[in-house]
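Participant: starting from these lines, generate the structure:
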Amino acid sequence: MRTSPAAAGSGLLFAKLVDAVGWAGAGLWIPTVLPLAGVVAPAFVDTSRFNNAKAPV
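Facilitator: Here you go, the predicted model:
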């Protein structure tokens, strides 16, 4: 059974997070802080560079 590169990468990042903040800290980061990055990241996307983007009315 082969491991996908995404699974290997996420495991490596999680291991580094555990090294940095410990198991309890990593357990809090995964469901709280990391999803916030997904909420904030679209604010930095320049939709004017998209071919199909429409300006908000």
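
Participant: average pLDDT across stretch 32-42?
Facilitator: Averaged across stretch 32-42, the pLDDT comes to 88.

Participant: what about that stretch, distance to the chain center?
Facilitator: 7 Å (CA atoms, centre = their mean, to the nearest Å).

Participant: using CSV, write out every CA atom in that stretch.
Facilitator: The C-alpha coordinates for stretch 32-42 follow below in CSV (Å, rounded to 0.1, in the frame of the first residue of the first chain):
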residue,chain,number,x,y,z
THR,A,32,-9.3,25.9,15.7
VAL,A,33,-6.4,27.8,14.3
LEU,A,34,-5.8,26.0,11.0
PRO,A,35,-9.4,26.3,9.7
LEU,A,36,-9.2,30.0,10.4
ALA,A,37,-6.5,30.1,7.7
GLY,A,38,-9.0,28.7,5.3
VAL,A,39,-11.4,31.5,6.2
VAL,A,40,-8.9,34.3,6.0
ALA,A,41,-7.0,33.2,2.9
PRO,A,42,-9.8,34.1,0.3
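
Participant: count the residues that sit near P42.
Facilitator: Neighbours of P42 under the rule other CB atoms under 10 Å: 8. Backbone N, C-alpha and C define where each C-beta goes, glycine included.

Participant: for W29, same thing?
Facilitator: 16.

Participant: go on, P5?
Facilitator: 8.

Participant: so what's it scoring on pLDDT?
Facilitator: So P5 comes in at 82 (pLDDT).

Participant: for D46, phi and psi?
Facilitator: Dihedral pair for D46: phi -90, psi 90, per degrees, to the nearest 10.

Participant: with N51 instead?
Facilitator: Here is the backbone geometry of N51 (degrees, to the nearest 10): phi -70, psi -30.

Participant: chain center to the longest helix seen in the chain: distance?
Facilitator: Longest helix in the chain, counting residues (DSSP state H): helix 5-28. Mean-position distance between helix 5-28 and its chain equals 12 Å (CA atoms, centre = their mean).

Participant: just give me the neighbour total for A26.
Facilitator: By other CB under 10 Å, 17 other residues sit near A26.
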